[in-house]
Structure formats: structure tokens, C-alpha cells
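Enquirer: Let me see the structure of the following:
(one chain, ligands or ions: 1)
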Amino acid sequence: MAVDGLGAYDPQNIFARILRGEIPCRRVFEDAHALAFHDIAPRAPVHVLVIPKGAYVSFADFAATAPDAEIAGFFRAVGAVARQLGLEPPGYRLLSNMGADSGQEVPHFHVHLFGGGPLGPMLLPELAPAA
Ligand code: 5GP
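Expert: From the prediction side, this is the model:
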């Protein structure tokens, strides 16, 4: 079920449990600010999740409340993951779901990193307003 992305942080969410080592993951990268691991239900040849180590419900929470050093460290880590996976070139897509309309399911801020081949249209054309 989608979350609103703005509520209190739930320390029992699945990514918090992965960060604590209570649930396994296929880790691809870790540093002081971020952990990256393969999505359990990949939607592209490469589908990796990058999450900050701090407790942030969503992008909105992270952007508004994280210290500058954590924001910089996190996004540098996202870039490092893409390079490590050999995606720069040929290219990749970043996506972060925030709140109910996006379908965000896990209430710990994360960036999806997709790659490994042509990724198709950014969104379904039928969602766009008529021209
Ligand atoms: P969201 O919809 O919140 O942006 O994306 C959550 C993502 O987390 C989904 O793509 C889903 O497949 C992934 N996911 C959910 N549970 C687990 C898990 O236990 N392990 C891993 N590696 N990914 C998970």
C-alpha cells in the first residue's frame, strides 16, 4: 500500500531492517552515507535501490531536513553506484517515489537506479494532459 511520504519515520520499515542487517540484501555499494542493493523485484536489467543511512521517510523529508553533508554524501554515492555498475556511459535513469500519487511503498527515502539497456518512455504517454 502506498504511503503518504510525510508521516513519522517507522523504524520497522523494510529498509530500516536491511540497514540494521536484520534482513539480507544483495549489496552493491556502501559508504558512510548510503547503502545500495538490488531490488527484490527488478523492473529493468539493472535495478538498484540507493538509500541514505539516516532515517528519512521520503525525498520530501530528506530534502527538507537532512544536513547538507548527508545530502551531498548521498547523491555522490548514487553517482558512485552508477559508475561502479558501468552505467556511465551508456546511461541510466533515477527515480524516487514520494507519497501516495507516486505509489511509494517503503517509507524510507530511496532512489531507484535503472539501467542495463534502453529504458523506454519516462512515463506512460496516456498520463499526459491532452495537447
Ligand atoms: P517504492 O514503491 O517505495 O518506490 O519502491 C520500493 C521498492 O522496494 C520496490 O521496487 C520493491 O520491489 C523493493 N523492495 C520491497 N521489499 C524489498 C526487500 O525486502 N528487499 C529488496 N531488495 N527490495 C525490496
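Enquirer: Which pLDDT value goes with the residue positioned nearest the centre of the chain?
Expert: With distances taken as Cα atoms, centre = their mean, the residue of the chain nearest its centroid is Val111 (1.8 Å). Predicted confidence (pLDDT) for Val111: 98.
Enquirer: cool, and the one 5 residues further on?
Expert: Gly116 is assigned a pLDDT of 98 by the prediction.
Enquirer: Kindly report the same for the one 4 residues further on.
Expert: Predicted confidence (pLDDT) at Gly120: the value is 94.
Enquirer: ok, back up a step: from memory the residue nearest to the centre of the chain sits against Leu94, does it?
Expert: Yes - Val111 is within contact range of Leu94, at 5.4 Å (criterion: Cβ atoms under 8 Å). For the C-beta atoms, the positions are set from N, CA and C on the backbone; glycine is no exception.
Enquirer: Quick check: residues of this structure near the ligand?
Expert: Counting by Cβ under 6 Å from any ligand atom, the positions of the chain adjacent to the ligand are 14, 23, 25, 37-41, 49, 97, 103-106.
Enquirer: now those as a markdown table including distance to Val81 and neighbour count?
Expert: Listed next are the residues of the chain next to the ligand as a markdown table, based on distance: Cβ to Cβ, whole Å; neighbours: other Cβ atoms under 10 Å:
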| residue | distance to Val81 | neighbour count |
| --- | --- | --- |
| Ile14 | 19 | 16 |
| Ile23 | 20 | 12 |
| Cys25 | 14 | 19 |
| Phe37 | 10 | 20 |
| His38 | 11 | 14 |
| Asp39 | 13 | 17 |
| Ile40 | 17 | 11 |
| Ala41 | 19 | 6 |
| Leu49 | 10 | 21 |
| Asn97 | 18 | 20 |
| Gly103 | 23 | 11 |
| Gln104 | 20 | 21 |
| Glu105 | 21 | 11 |
| Val106 | 18 | 18 |
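Enquirer: Which SSE is immediately downstream of the helix or strand hosting Val81?
Expert: Following DSSP states H and E, one finds Val81 within helix 68-84. Following helix 68-84 in sequence order, the next helix or strand is strand 92-95 (DSSP H and E).
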